[in-house]
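Asks: please find the sequence and the predicted model below.
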Amino acid sequence: MENKDNQWSIGALYPRSLKYLTDYLQSMVKGHLWLKVLVGMGLGIFVGILLGPSVGWVDPTVANMLGDWFALPGKLFLALIQMIVIPLVFASIIRGLAATEDIEQLRQTGVRVVLFFIATTALAIIIGITVASIIKPGTFIDSEVIQSTIGTAPKVKPGEAAGPQFNLQELPQKFIALVPSNPLNSMVESNMLQVVIFAMVFGVALVMMPIAQAKPLLDLLGSLQEVCMTVVRWAMLLAPIAVFGLIAQLTTKLGVEALLGMAVYVATVLLGLLLLFFTYLVILLVFTEVRPLHFVRSIKDVLLLAFSTSSSAAVMPLSIKTAESELRVRPSISQFVIPLGATINMNGTALYQGVAAIFLAQVFGVEIGMGGMALIILTAVGASIGAPATPGVGIVILSMVLSSAGIPAAGIALVMGVDRILDMSRTALNVSGDLLAAKLMDKWVGGKATHTEEIKAELKHERLREKTGEDVIIDKSRD
């Protein structure tokens with residue numbers, strides 16, 4: 001077979017960028033979706049207070065039934081987002097690989113960005129644990145009252161961690177287990193780390209195939225992306241109503257007193273997120289010389305949308321467009337790093353795990369020593385990297401983190417009451433971390449072509465798509 005059919009140079013194949021599916025997302029930003037979500041949240045709290053035990057106007061059984069009906073749109077919203085995350089991420093990673101210039105750029109970008117994600121995730125957890133240890137939000141909560149609300153939670157003796165202990169002998173097998181023996185099963189179980197590894201292996205194999213054989217599958221994955229974004233559009237119509245219903249249900253069950261008692265905990269998480277965001281700005285200024293105010297102005301729209309949707313995967317098209325147009329990141333970098341970051345870069349979620357674990361340990365009187373904190377860091381890093389980019393996933397990860405440190409998992413019922421506002425806030429931070437990583441990789445790895453040259457080539461291919469109707473363009477001049 002001729003060399004031109006087997007060449008890595010993916011310049012011969014040009015799949016359409018996900019950023020061209022941003023029209024509806026941008027219309028939601030212009031329509032102030034974030035403000036509608038905040039209004040829905042406020043109304044949900046108000047209705048929940050009227051129905052809840054604080055006021056006592058409604059029988060608790062009736063109030064709980066009404067709360068369940070209020071939460072129906074919210075649960076439908078969560079289900080729709082969760083339904084499309086795996087196919088959207090899978091298709092986006094593979095097509096992002098096809099946008100990479102060459103194997104050397106891909107290798108350098110992949111290694112550096114994964115190491116960066118792991119390092120910043122660990123840093124986020126350390127910041128969360130430190131802030132929670134200093135402020136001690138658990139001491140502002142009456143443990144007996146809380147346990148009477150959420151149920152009795154047996155204390156676990158220090159050192160009796162329920163989670164598996166670290167065993168060096170099992171490490172090789174754990175690495176092998178990362179490669180999915182059954183990719184479909186990994187997708188069913190939402191094991192995102194295995195899904196990402198499968199997508200990357202699949203994508204590298206695909207782009208090394210002859211062009212004629214690779215193009216149909218890339219076309220199919222492009223159609224899959226459009227289907228997923230259509231479902232996202234449907235889900236976004238429910239966002240304000242979803243937040244209203246979920247908040248109303250939780251306020252109805254817990255009452256306003258329990259929520260007010262959690263104010264210090266909420267402030268602790270938000271302070272930790274703010275400190276991590278300032279750390280991002282410092283990293284950006286030191287390594288790329290991008291001014292913090294310029295960065296904030298450039299990404300504010302995508303942050304507001306991420307805040308509104310609580311899903312970094314759902315806003316991927318706008319994240320890619322922002323990286324390329326506002327931060328001047330090469331398309332070959334952004335279209336690989338952003339989908340990968342939306343899956344394994346969960347720094348905001350990781351920080352939240354650290355604060356929540358220490359908070360619940362303080363509430364239940366569980367002593368967390370240095371060994372326990374190390375377990376929290378290791379468990380949270382691993383769980384956050386493999387978590388799907390969907391709303392509410394932080395609660396699922398938290399159960400694993402609490403188990404590893406011997407903290408009663410019943411405390412999850414307590415933090416769930418204020419999780420909605422925290423989920424939206426940490427998602428915005430996750431997205432800012434993805435954009436930071438894209439800018440850093442563009443600076444550290446670069447590419448054969450400049451940002452301007454890549455954008456010109458992309459516009460040329462987009463004009464060709466308009467004429468031919470093709471999604472994946474073959475540029476035979478690169479043979």
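Replies: That came through fine.
Asks: contacts, neighbours, all on C-alpha from now
Replies: Fine.
Asks: just give me how far the strand or helix carrying Leu464 sits from the chain centre.
Replies: Assigned by DSSP states H and E, Leu464 falls within helix 451-468. Its chain's average C-alpha position is 30 Å from that of helix 451-468, according to C-alpha atoms, centre = their mean, to the nearest Å.
Asks: following that helix, which helix or strand comes up?
Replies: strand 472-474.
Asks: give the pairing partners of that next one; include direction for each.
Replies: Strand pairing for strand 472-474, determined by DSSP bridges: strand 13-15 (antiparallel).
Asks: skipping adjacent residues, who's closest to Ala124 in space?
Replies: Nearest residue to Ala124, sequence neighbours excluded (C-alpha to C-alpha, 6 or more residues apart in numbering): Leu351, at 4.8 Å.
Asks: and the one you found, how many neighbours?
Replies: For Leu351, the neighbour count with other C-alpha atoms under 10 Å is 30.
Asks: surely it and Leu274 touch.
Replies: No: counting by C-alpha atoms under 8 Å, Leu274 is not a contact partner of Leu351; they are 10.8 Å apart.
Asks: thinking again about what came up before, export the helix holding Leu464 as CSV, just CAs?
Replies: The C-alpha trace of helix 451-468 is given here as CSV (Å, rounded to 0.1, in the frame of the first residue of the first chain):
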residue,chain,number,x,y,z
HIS,A,451,-3.0,29.8,15.1
THR,A,452,-3.7,32.1,12.2
GLU,A,453,-2.7,29.4,9.6
GLU,A,454,-4.8,26.8,11.2
ILE,A,455,-7.8,29.1,11.4
LYS,A,456,-7.4,30.0,7.7
ALA,A,457,-7.2,26.4,6.8
GLU,A,458,-10.3,25.6,8.8
LEU,A,459,-12.3,28.4,7.2
LYS,A,460,-11.2,27.1,3.8
HIS,A,461,-12.4,23.6,4.6
GLU,A,462,-15.7,25.1,6.0
ARG,A,463,-16.3,26.9,2.6
LEU,A,464,-15.7,23.6,0.9
ARG,A,465,-18.2,21.8,3.2
GLU,A,466,-20.8,24.4,2.2
LYS,A,467,-20.3,23.5,-1.5
THR,A,468,-20.0,19.8,-1.2
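Asks: that one: which residues count as buried?
Replies: Using 16 or more other C-alpha atoms under 10 Å as the test for burial, helix 451-468 gives His451, Glu454, Ile455, Glu458, His461, Glu462.
Asks: of all those residues, which two lie farthest apart?
Replies: Pairwise distances across these peak at 16.4 Å for His451 and Glu462 (criterion: C-alpha to C-alpha).
Asks: what stretches of the stretch 251-400 of the chain score poorly on pLDDT?
Replies: 254-259, 261, 382-397, 399-400 (pLDDT under 70).
Asks: can we see that at 80?
Replies: Along the stretch 251-400 of the chain, segments meeting pLDDT under 80 span 251, 253-262, 343, 364-366, 368-372, 375-400.
Asks: do a quick rundown of the helices in it.
Replies: Secondary structure of the stretch 251-400 of the chain, counting by DSSP state H, counting those that start in this stretch: helices at 256-261, 263-288, 292-309, 316-325, 331-344, 347-363, 370-385, 393-405.
Asks: can I get these in JSON lines with distance to Ile103?
Replies: Below are those laid out as JSON lines (distance: least, C-alpha to C-alpha, whole Å):
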{"stretch": "helix 256-261", "distance to Ile103": "52"}
{"stretch": "helix 263-288", "distance to Ile103": "24"}
{"stretch": "helix 292-309", "distance to Ile103": "30"}
{"stretch": "helix 316-325", "distance to Ile103": "21"}
{"stretch": "helix 331-344", "distance to Ile103": "12"}
{"stretch": "helix 347-363", "distance to Ile103": "28"}
{"stretch": "helix 370-385", "distance to Ile103": "24"}
{"stretch": "helix 393-405", "distance to Ile103": "33"}
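Asks: for His32, find the nearest of those.
Replies: Among those, if distance is taken as C-alpha to C-alpha, the winner is helix 292-309, at 8.6 Å.
Asks: go through that closest one and flag the buried ones.
Replies: Buried positions in helix 292-309, judged by neighbour count with 16+ other C-alpha under 10 Å: 292, 295, 298-299, 301-309.
Asks: now the residues you listed as JSON lines including distance to Val269?
Replies: Formatted as JSON lines, those follow (distance: C-alpha to C-alpha, whole Å):
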{"residue": "Pro292", "distance to Val269": "22"}
{"residue": "Phe295", "distance to Val269": "23"}
{"residue": "Ser298", "distance to Val269": "25"}
{"residue": "Ile299", "distance to Val269": "22"}
{"residue": "Asp301", "distance to Val269": "23"}
{"residue": "Val302", "distance to Val269": "21"}
{"residue": "Leu303", "distance to Val269": "18"}
{"residue": "Leu304", "distance to Val269": "18"}
{"residue": "Leu305", "distance to Val269": "20"}
{"residue": "Ala306", "distance to Val269": "18"}
{"residue": "Phe307", "distance to Val269": "15"}
{"residue": "Ser308", "distance to Val269": "18"}
{"residue": "Thr309", "distance to Val269": "19"}
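Asks: tell me the one of those nearest Met41?
Replies: Out of the buried residues of helix 292-309, the member with the shortest distance to Met41 (by C-alpha to C-alpha) is Ser308, at 10.9 Å.
Asks: for the spatially closest residue to Phe336 that is not a sequence neighbour, which three-state class applies?
Replies: In this structure, Phe336 finds its nearest non-sequential neighbour in Gly96, 4.3 Å apart by C-alpha to C-alpha, 6+ apart. Using DSSP: H, G, I helix; E, B strand; the rest coil, the structure places Gly96 in helix.
Asks: can you check Met28 too?
Replies: The three-state assignment at Met28 reads helix, by three-state DSSP.
Asks: need the pLDDT of it.
Replies: On pLDDT, Met28 comes in at 80.
Asks: how many residues are close by it?
Replies: 19.
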